[in-house]
Every structure is written in structure tokens, then in C-alpha cells.
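> Pasting the sequence and the predicted coordinates here, then a few questions.
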Amino acid sequence: MHIAVAGNIGSGKTTLTRLLSKHYGWVPKYEEVVDNPYLTDFYEDMHRWSFNLQIFFLNRRLSGIIEIQKTGQTVIQDRTIYEDACIFATNLHAMGLMSTRDFDNYIRLYKLMISLIPAPDLIIYLRASVPTLVKRIQKRGREYENSIRLDYLTGLNERYETWIAEYEGPKLILEVDNLQVEDSPEHFSVVIDKIDARLHGLF
């Protein structure tokens, strides 16, 4: 089984992935950010590095899905391949930070990739307001995220809402502005109940 956690930068994907992995015994597949050779350059000059960054993510995401298929185990993945194209690349293009030529090339490659892979058995979407995202980004203190623009985060959030509303596969939406899954056993228990119900077809 393939479970995926989706959400904007700072929404809590990695934390929830870790907690659910431990609770259910699922194999975690985390988004790789530490060894990404484009992130720092991208946040300093988005127009120059947007295409390179998105191709890097797309390549890594596809490789991760192929690995998930090979394991034969239940894997929980931090971020989906859909977000790369439907959220991040689309937002960069709309903001004028990726050329139409590069965007069209990217989307053609993305559509080919997703035609060759199965969709996740469940997507858990973490819905967070921009103030919550900013607060969490500042709290974790990653240097390369210091220059993230507010309009960039806002645009991403708007596209996330459009994408999740149109996504037709199995999904669970969690409102995370007031959800403290790491610090509150009660909050985490609520999340577990919702996931159990969704996976076992109770709603």
C-alpha cells in the first residue's frame, strides 16, 4: 500500500510522516532536501533556477515511486509527484518565474511519467493557512528558506486548494492550523481515527 502526505511548505508533512510511520509500522519515504543542489540558488534567483529545481524534484519523485513499488511493503511518502507539477511548477509559471517553453516541456515530461505509475492508495492533505506556514518555517530555521516570498507561499496555497478539490482519488483532508500531532496525544489520536476510517472504508 502507498500512502502519501501532501501539503504546502511548513504544513507538517515530515512530522506527520514520521509519526504515522512509527504508529503503523509503515516504511517512511521522506522528501530529500538536504542534498538538493538547487534549493539555495533557487530561493536566491527563482527565475534562473526554477526549471532545474523542478526537474530535479520530478526525477527524485519518480525514482521514489519506483522504489515504493519494488518494496512490496506499505510505504508512507512525504509529498507527491502531483504537487511538483500541479502546484509548484504551475505556480512558478504563473508568477513569471518559469518560461512557457520550459513549463510546457516540463508538463509533457510529467504527464508521460504519471501515465506509467499507479496513484497512491490514499493522499492525506494537510491544509494550513499562510500565517501558520510562516510560523512553522521560521521555527524550523532552515537557512535556504529564509528568503521565501509571502506571495510565493500564498500562490502555492491557492493552487493546493484547487488541486485537492479536483483530485479524484482517495483522500483525507486534515485542518492543521490548530492541530498539534507531535505535542498532543489527543490530537494524534483524532488523526489516527480518521485515517483508520478512511483506509477501512468507513466513510
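Perfect, thanks for sending it.

> Next, count neighbours for the residue lying closest to D84 once chain neighbours are set aside.
In space, D84 comes closest to F57 once its chain neighbours are excluded; the distance is 4.9 Å by C-beta to C-beta, 6 or more residues apart in numbering. Placement of C-beta: from N, CA and C, glycine included. Neighbourhood size, F57 [other C-beta atoms under 10 Å]: 23.

> Likewise for the one 4 residues further on?
Burial of R61, expressed as a neighbour count using other C-beta under 10 Å, amounts to 24.

> pretty sure it is in contact with Y82, am I right?
No. Contact status for R61 versus Y82: not in contact, 9.2 Å apart, counting by C-beta atoms under 8 Å.

> follow-up on the earlier one: and the residue nearest to D84, helix, strand or coil?
helix (DSSP: H, G, I helix; E, B strand; the rest coil).

> which residues does it contact?
By C-beta atoms under 8 Å, 6 or more residues apart in numbering, the contact set of F57 is N36, D84, F88.

> what do you get for L150?
L150 makes contact with V130, V134 under the criterion C-beta under 8 Å, 6+ apart.

> got a pLDDT number for it?
Looking at L150, its pLDDT reads 85.

> Next: V130.
You'll see V130 listed with a pLDDT of 92.

> same deal with E32?
What the model reports as pLDDT for E32 is 69.

> One more: N146?
Per-residue confidence (pLDDT) for N146: 69.

> Likewise for L202?
pLDDT for L202: 55.

> For this protein, give me the ranges with low pLDDT.
Applying pLDDT under 70 to the chain picks out residues 32-34, 141, 144, 146-147, 202-203.

> do that again at 50, thanks
Low-confidence segments of the chain, defined by pLDDT under 50: 203.

> What ranges does it have for its strands?
For the chain, strands defined by DSSP state E occupy the ranges 2-7, 27-29, 75-78, 122-127, 171-175.

> Leaving out the residues flanking it, which one is nearest to F103?
Going by C-beta to C-beta, 6+ apart, F103 has H93 as its nearest residue, at 4.1 Å.

> Which of the strands of the chain sits closest to K194?
In terms of C-beta to C-beta, the element of the strands of the chain nearest to K194 is strand 171-175, at 6.0 Å.

> Report the central residue of this structure.
Nearest to the geometric centre of the chain sits R79, at 2.9 Å (C-alpha atoms, centre = their mean).

> mind listing what that one touches?
Residues counted as contacts of R79 (C-beta under 8 Å, 6+ apart) are A4, V5, A6, G7, K13, E31, R61.

> mind redoing it with 6 Å?
R79 makes contacts with E31, as judged by C-beta atoms under 6 Å, 6 or more residues apart in numbering.

> is it possible to export the strands of the chain to a markdown table including mean neighbour count and distance to I65?
Output for the strands of the chain, formatted as a markdown table (neighbours: other C-beta atoms under 10 Å; distance: least, C-beta to C-beta, whole Å):
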| stretch | mean neighbour count | distance to I65 |
| --- | --- | --- |
| strand 2-7 | 26 | 8 |
| strand 27-29 | 18 | 9 |
| strand 75-78 | 24 | 8 |
| strand 122-127 | 22 | 13 |
| strand 171-175 | 16 | 17 |
